[in-house]
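# here are the coordinates; sequence isn't available:
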């Protein structure tokens, strides 16, 4: 959780519910609100000139969405779309900035969150710089697993679909499926009931 719900609500935040496919904000829109996921999953995406979806990030319960733009005075570079039923806390930008003044201890949480976002972008840059499909998928899985205490082999279930993994790494879904099967043969992953264990 980036900011305690009670603190956000004390400044007048509203809870909004979204269904799968609902747009929370659109690429090119002005960042006027702070968004924090109470429950559910959200993807940040773009579409390239061929119409292919590129997922920039998948955010989940307790994470904030695009808050770095509240400091940058820039337009959203991606769409935020619910990929599961979601409940999201929404606080106006002016009240969010007031919250930071009123609760200075929240700054550390925001900085930690921004640092995690920058780390993710760095990892994604490495993923896109390699042509090796296995390396791309393994780097993504390493990143996802890095937040877990148990780092033993096959202890972590990848929380993404094969399509989401493909969209995050710039691969075709067929290539992702084929590569995962090769990784299973090499004992890098286990696939049990279509679940990927890493």
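Nice, thanks for sending it over. For clarity, every value in this text was computed on a predicted model and none was experimentally measured.
# Wait, residue 151 touches residue 142, no?
No: counting by Cβ atoms under 8 Å, residue 151 sits too far from residue 142 to count as a contact (9.9 Å). Glycine gets a C-beta too; all of them are placed from N, C-alpha and C.
# So between those two, which is more surrounded?
Higher neighbour count among residue 151 and residue 142: residue 142, with 13 against 10, using other Cβ atoms under 10 Å.
# Give me the contacts around the helix or strand encompassing residue 100.
Assigned by DSSP states H and E, residue 100 belongs to helix 93-102. Residues outside helix 93-102 that contact it (Cβ atoms under 8 Å, 6 or more residues apart in numbering): 3, 7-8, 11-13, 31-34, 67, 70, 91, 106-107, 110.
# quick one: which two of these are the most distant?
When Cβ to Cβ is used, the two most widely separated members of the contacts of helix 93-102 are 32 and 107, lying 21.1 Å apart.
# How is the chain divided into domains?
5-125, 132-197 (automatic domain parsing).
# Burial check on residue 75, number of neighbours?
Neighbours of residue 75 under the rule other Cβ under 10 Å: 12.
# Let me see the contact set for residue 176.
Taking Cβ under 8 Å, 6+ apart, we find residue 176 in contact with 133, 137, 162-163, 165-166, 169.
# nope, residue 118 is what I was after
Contacts of residue 118 (Cβ under 8 Å, 6+ apart): none.
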